[in-house]
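> Sequence and computational prediction follow.
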Amino acid sequence: MKIECIKDQLEEALNKADKIAGKNTTLPVLSGFYLNAHQNILSIKATNLDLGISINLPVKVVEPGIIVVPAHTISSFISSLSKDKNIVINTKEQVLEIKTSTTKTSIKTFSGEDFPLIPEISDDKAFSLPTRDLVFGIRSVIYSAATSSVKPELSSISVTYDGEFLIFAATDSFRLAEKKIRVKKIPHFKQILIPQKNAMEIVKIFDKGEEETSISIEEHQMALRSQNIYLTSRIIEGTFPDYKQIIPKKITSKAVLLKQDLINSLKTSLIFSDAFNQLTLHLSPKNKKFEIESKNSTVGESIHTVDSVLEGDDISINVNHRYFTDCFQSITTDSISLTFSGQAKPIVIQGVGDSSFLYLVMPMNQS
């Protein structure tokens, strides 16, 4: 193999692929990039057997060839070349040589024969949506997914289609986030469950995308295609909870307030939160008062009043502050509404005037 390429383009591609290269010590080849130079294209492949990626980079191929090179070594090295614009890469036996105007480096390689195949998923029934919508949909809910893999369906992002919207949802049973993204008609779509860890990598890899992403789905696998990137992900078998039935139908109390006012108040309250991250919300519509109380037996306590418009019954309810505040990143409006349906029912948080995002958080046991 011998190629000539532009350093910045190679660095960007390697950094994306490096997010997926495996760290499996029993299969060292998984910690490498599969490099295939052919027809003035360098294909860079990486996989951890759960996710696979292939990135095609335009290069000058002087001599075609295939090699597997340690992923972290080559990506770190290329990133360290601050002054070089052009790079020459060639192989001699089982060694990869990299030459620039200032550097000559040799890296030992693996055999390409042992590198696992990345699944080729048919795009016959693919559908497309703007990459930014895909990333926004996942990012809006991913923090609500469980990090434990004990219940795979809870450590996943559910994506469904209702004829008008793609609906992204995630829950760890303590809170639930749902985001609706309006899309064109998708004739062949079925529900998929994307593992939470895979969804995080999808966001990182496609984060800056301004184009469309094509999505194909087969049994146990999905594929994303966008410009020069092809990514495959395992999808989870299982049934996502039917969360619609836990959304409260009857509202007994409601608060409308500026999101930034609530965030500022919480910064004060969190100083005094206890080991259980507990806050108490006191709503008194009759007295036109909304208070946030926090107590810590070793530090002290605080009661902070927040400007708000209140209606309904008086209520005091305990919440975990992290679960309560995680959703603010997904609310794009200046004002938010908090609706209550009783002591044991979840609190519903939404942006005022925006029905595309819904967040439920369960109350903590009343002390």
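Now that the structure is in, tell me what you want to look at.
> so the residue lying closest to Phe115 once chain neighbours are set aside bridges to which residues?
In this structure, Phe115 finds its nearest non-sequential neighbour in Tyr34, 4.6 Å apart by CB to CB, 6 or more residues apart in numbering. From N, CA and C alone the C-beta is placed, and that goes for glycine too. As for beta bridges, Tyr34 partners with Lys45, Val68 under DSSP bridges.
> what about Tyr34, how many residues close to it?
Neighbours of Tyr34 under the rule other CB atoms under 10 Å: 24.
> The helix or strand hosting Ala169 - contacts with which helices or strands?
Element membership for Ala169, per DSSP states H and E: strand 165-171. Judged by 3 or more CB pairs under 8 Å, 6 or more residues apart in numbering; DSSP states H and E, the packing partners of strand 165-171 are helix 131-141, strand 156-161, strand 175-182.
> redo that, cut-off 10 Å
Helices and strands touching strand 165-171, by 3 or more CB pairs under 10 Å, 6 or more residues apart in numbering; DSSP states H and E, are helix 131-141, strand 156-161, strand 175-182, strand 192-195, helix 196-206, strand 354-361.
> Neighbouring strands - and their directions - for the second one?
According to DSSP bridges, the neighbouring strands of strand 156-161, each with its direction, are strand 165-171 (antiparallel), strand 192-195 (antiparallel).
> closest one to Thr102 among the ones you listed?
strand 192-195 (42.3 Å; CB to CB).
> Now tell me what touches that closest one from outside.
Here strand 192-195 makes contact (CB atoms under 10 Å, 6 or more residues apart in numbering) with 50-51, 138, 142, 145, 149, 152-161, 168-170, 199-202, 215, 217, 221-222, 233-240.
> What does the pLDDT read for the residue nearest to Phe115?
Tyr34 is assigned a pLDDT of 96 by the prediction.
> pretty sure it contacts Gly65?
No - contact status for Tyr34 versus Gly65: not in contact, 11.7 Å apart, counting by CB atoms under 10 Å.
> Overlap of the contact sets of the two?
Listed as contacting both Tyr34 and Gly65 by CB under 10 Å, 6+ apart are Gly112.
> Check the contacts of strand 192-195 for burial and list the buried ones.
Neighbour counting with 16 or more other CB atoms under 10 Å marks 51, 138, 142, 145, 153-161, 168-170, 199-202, 215, 217, 221-222, 233-236, 240 as buried within the contacts of strand 192-195.
> and the residue nearest to Phe115, what does it touch?
Counted by CB under 10 Å, 6+ apart, Tyr34 has contacts 17, 21, 43-47, 54, 66-69, 71, 110, 112, 115-118.
> How about Ser75?
If a contact means CB under 10 Å, 6+ apart, then Ser75 has 10-11, 13-19, 21, 33, 44, 46, 69 as its contacts.
> Ser297: which of those is nearest?
Lys19 (43.1 Å).
> count of neighbours near the closest one?
Neighbour tally, Lys19, other CB under 10 Å: 17.
> do the same with Phe276
Phe276 has 12 nearby residues by other CB under 10 Å.
> Give me the secondary structure label for it.
With DSSP: H, G, I helix; E, B strand; the rest coil as the basis, Phe276 sits in coil.
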